[in-house]
Each structure stands twice: as C-alpha cells, then as structure tokens.
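Visitor: Sequence and predicted structure are below.
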Amino acid sequence: MPDMILLETEEKMNKSINAYQHELAQVRTGRANPAILDSVFVDYYGVPTQLKQMSAISTPEATQLYIKPFDRSTLKDIQTAISQANLGLNPQVDATGIRIVLPPMTQERRRELVKVVGKLSEEAKVAVRNCRRDGNEALKKLDLPEDDEKNYLEDVQKLTDKKIQEIEKITKQKEEELMSI
C-alpha cells in the first residue's frame, strides 16, 4: 500500500511538471513556435474552439507563423481572436490564411520573460510540494511502524528533491533560450 502511494505521488508530480512544460511552451522566444497560439480560442458558430483544432499552423520562416484555416470563412474571426488574446502579435490576413510576423525581441522584453518563467517555475515547485504533502498525509494515515513510516517519508522527500531539480533544469534551459539572440 505505501508503494502505491509513492507511485501515485510520483505520477501527480510528473503531471505538474508536464503542465509546467506546457505553460513554458507558450512563452515566446526569438523563434516562431505554434505553441504560443495554444491559448487562442475562436468563436466558431457560437462555440469557443481552440485555434489549432480549426486550422493548420506552420512556421515557414524562423520568425513567422502561418495559419491556414480549414474553413476560409473564419479568417476574420481568427484574426479577431488572435488580436484579443493579448499576445502582442499582429495578424495579417491574405487570401487563404493569416501570416504573423514575430518582431525581434528587445533585451528588456527578454528580461521580462525570464521573470515570467521564474514565476511559472515557482508555481510548478509549489505544485510538486503540494503533491509531497498529500503523499505524506496519506502515508501517515496508514499507521505504519515508526521506522517504516520514516523511511517512506524520506522516499517521498527524495522524490520531491528529484522533481524540483528537474524543474530547475527545465527553467534554466528556457532562460538560456530566451536570453540567446
């Protein structure tokens, strides 16, 4: 039973890290990445629909995104949704799609994004620590012998330390990516 609690705790921690990586993918670096549009929802026949579900998003150049909707009648709706998403992007409509040219990032903007990444990193660490707390509480409810309980709690702490280091490694990579020109 305690081993199951350890596995569940590790699974929850992994989900927290995956969510963190998904959030990081939406932070813009100097290169075009379709993931920055993951948070854009378009009003499609009265239903909010994620942009990537109603169009093909490609990167024809390192600083451009090209959105080709499956239904061309939605071009104006997509343009409006991107403008309202507060991503700092300027969509340009042509006959068959929407082109977004990403402006070069200033050093000041890069520093701001590093701060955003740091904030996201702290939130991910808090999520992992909450998983540790939940795992520890579940272990304490089992009324194990004192030595066994102590060993399992140490295992949960080792797991937590490992996951925190993983978050720090991911954060460092993203910061380096942001600061490189």
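Guide: Cool, the structure landed.

Visitor: Quick one: distance of the helix or strand harbouring residue 48 to the chain centre.
Guide: Here residue 48 sits within strand 47-50, counting by DSSP states H and E. The chain centroid and the centroid of strand 47-50 are separated by 20 Å under C-alpha atoms, centre = their mean, to the nearest Å.

Visitor: neighbours around the residue nearest to residue 32 when sequence neighbours are not counted, how many?
Guide: Nearest residue to residue 32, sequence neighbours excluded (C-beta to C-beta, 6 or more residues apart in numbering): residue 59, at 4.5 Å. (Glycine included, C-beta is placed from N, CA and C.) By the criterion of other C-beta atoms under 10 Å, residue 59 has 15 neighbours.

Visitor: Kindly report the same for residue 91.
Guide: Residues within reach of residue 91, counting by other C-beta under 10 Å, total 20.

Visitor: repeat for residue 88
Guide: Residues lying near residue 88 (other C-beta under 10 Å) number 11.

Visitor: So residue 27 belongs to a strand, correct?
Guide: No: under DSSP: H, G, I helix; E, B strand; the rest coil, residue 27 falls outside any strand and is assigned coil.

Visitor: hey, where'd the strands end up in the protein?
Guide: Listed in chain order, the strands of the chain (DSSP state E) span 41-44, 47-50, 55-58, 64-69, 91-93, 98-101.

Visitor: hang on, the earlier thing: ramachandran coordinates for the residue nearest to residue 32?
Guide: phi -120, psi 90 (degrees, to the nearest 10).

Visitor: Now do the same contact list for it.
Guide: Applying C-beta atoms under 8 Å, 6 or more residues apart in numbering, we find residue 59 in contact with 31-34, 65-66.

Visitor: How is this protein divided into domains?
Guide: 2-26+106-179, 34-101 (automatic domain parsing).

Visitor: end-to-end on the last one?
Guide: So the one you mean is domain 34-101. 12 Å (C-alpha to C-alpha, to the nearest Å).

Visitor: Quick one: distance of that domain to the chain centre.
Guide: Distance, stretch centre to chain centre, for domain 34-101: 19 Å (C-alpha atoms, centre = their mean).

Visitor: do you know how far the closest residue to residue 135 other than its chain neighbours is from residue 129?
Guide: Spatial nearest neighbour of residue 135, excluding adjacent residues (C-beta to C-beta, 6+ apart): residue 9 at 3.4 Å. Separation of residue 9 from residue 129 (C-beta to C-beta, to the nearest Å) stands at 11 Å.
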